[in-house]
Every structure is written in C-alpha cells, then in structure tokens.
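Visitor: what follows is a predicted structure for the sequence shown.
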Amino acid sequence: MYTVASAAEALDRIAPLKTQMDWDNSGLLVGDPSREITKILVALDATLSVIREAEALGAELIVTHHPIIFHPIKSLLAGTPPYEAASRGIAVYSAHTCYDMAAGGVNDALADALGLQNRVPLWEEHPGQEGGRTLGFAGNLPCPMSREEFSGWVEEALGQRPGFVRYLPDAGPEIIRRVAVCGGAGTDCLKDAKPLGCEAYITGDVRHHQYLEAAQMGLLLMDAGHFATENVAMPRLREQLAKALPGVEVLLASC
C-alpha cells in the first residue's frame, strides 16, 4: 500500500526538495499525507481542468511542476485550484525548481528532445566543485543548422506548429552548432551561454530587450514557450513515478 507520503518520499528522491531555490514552494502543498493512493495524475499545472480530470479518473494525487500555491494566500475560496483540490480530497505535490535541476528532470528532457550532445551545465552553483546545484545545459546539435532549420528542429522536437518559436531573424551566426537550453523562464542564465561557446539559447518568456541583449552578444535567443520547454518533461516524470511506485497507476493529464 502506498500513501500520499510514500509518493512524496519518492518524489524527493527524484527531485530532492533541498535543491529548490530559496524563493520556491515545492513539496506537498494540498492534502492528507496518510491517504492511500492508487492513481496519480501528472501535469505541468494543477488547473481546474486538471483537477476535474483527476476526479473523473479517481486519482487521489496530482503531481505538478508548477506549485499550486506559490505566494502566501490570505483566503481560500471556491473556484480556486487549492480549494477545489482540497474539497475533492485530492492531494497536490509540486516539484518545481528542484525538478528543473534534477538528473533526468526538465532540462535533461529538453536537451534530450533537441538531441544535444557533449553536454555541460549551463549554470553551476559552485563551479569546479562536486555537489553544487546546476541549471540548464549547453551542448552540440547532431549537425550544423541554419537559423530557419534550427527553429523548425525546435518546433518539431517540442510538438509545436511551424512559426511557434520566436526570434530575431538576423541575430547570431547564420549556422548554429552549439546550443544552450533552460526550460521555462530561463533568461537569467543568458550571460552564461556565450562563454560556453553557444551560438543559440532556447528558453521561454523572453522580453524584447532580452532579444536585443542577446543579439549584441552575438547569440541567437529563441523563445520556445514556457509551457512547451517544460511540458516536454512531464512524460518522463510520469515514467519515473511509475517506476518508483509499482502498482500505482500513474497517468499523464490530457489538458
């Protein structure tokens, strides 16, 4: 028999909570740790649609990347995800920045999807020392690509329509060989890409002045979407949980 607490322990092994950023709010955020579980639903966000899907499927636990409660709340009202999950008896565990940094987590999945080879961490907490946290990757593409070929490669890898990826058409070199990636909103690591020999950087939530900043650095900055660059890891999280909790049915949200 597994409980919500059992799943939380497994998730802490997959993505240790001690590695989350100080401002983050990962962990068990809604529910009864002692409740027995038979089904888990994995999703990027615990939206109302995901909560309704979990209820329809009979899932006792939702596991998300983004925290269902991020900032302190002063009220708990009907119609909000935390209330609706709790009122249905559905627990919610969120693995946010700890899963960004985890081996096999968000950035590994993103780098795998793009076929990056000979990877090194994009950002390291204590460069040159073992045991420090790392975020993102820099690696080589399977073959050199033009800007247009590369944007198409990214869109196909992330299951997005042509033209989904946004970038300045004349930024960076014409041929891309080495790329940095950071899932979600990763522009804080922009300055780390160029010293690692990267010609392009893939992340989400890019602002206009950041495109220009990257272009001045000789770097092609591509916005492939916050959702798309992180949701690519949710099937892997489902697989990791299914392996850690044999006998529990672990499902991937459809919405």
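Guide: Ah, there it is.
Visitor: pLDDT score for Gln129?
Guide: Looking at Gln129, its pLDDT is 81.
Visitor: ditto for Met217
Guide: Reported pLDDT for Met217: 96.
Visitor: report the longest strand in this protein, please.
Guide: Criterion DSSP state E: the longest strand present in the chain is strand 134-146.
Visitor: now that strand: average pLDDT?
Guide: Mean pLDDT, strand 134-146: 98.
Visitor: nearest spatial neighbour of the residue nearest the centre of the chain, chain-adjacent residues omitted?
Guide: Taking Cα atoms, centre = their mean, the centroid of the chain lies closest to Glu230, which sits 3.3 Å from it. Excluding its sequence neighbours, the residue lying closest to Glu230 (Cβ to Cβ, 6 or more residues apart in numbering) is Gly183, at 4.6 Å. Quick note: C-beta positions are derived from backbone N, CA and C, even for glycine.
Visitor: the one you found is in contact with Asp108, isn't it?
Guide: No: here Gly183 lies out of contact with Asp108, judged by Cβ atoms under 8 Å, at a distance of 9.7 Å.
Visitor: neighbour count: the two, which is higher?
Guide: Counted by other Cβ atoms under 10 Å, Gly183 and Asp108 do not tie: Gly183 has more neighbours, with 30 against 21.
Visitor: domain boundaries for the protein, per the record?
Guide: Using automatic domain parsing, the domains assigned to the chain come out as 2-96+233-252, 106-231.
Visitor: can you pull the buried residues of the helix or strand following the longest strand of the chain?
Guide: The C-terminal neighbour of strand 134-146 among helices and strands, as given by DSSP states H and E, is helix 147-157. Buried residues in helix 147-157, counted by 16 or more other Cβ atoms under 10 Å: Arg147, Phe150, Ser151, Trp153, Val154, Glu155, Ala157.
Visitor: alright, I will stop here.
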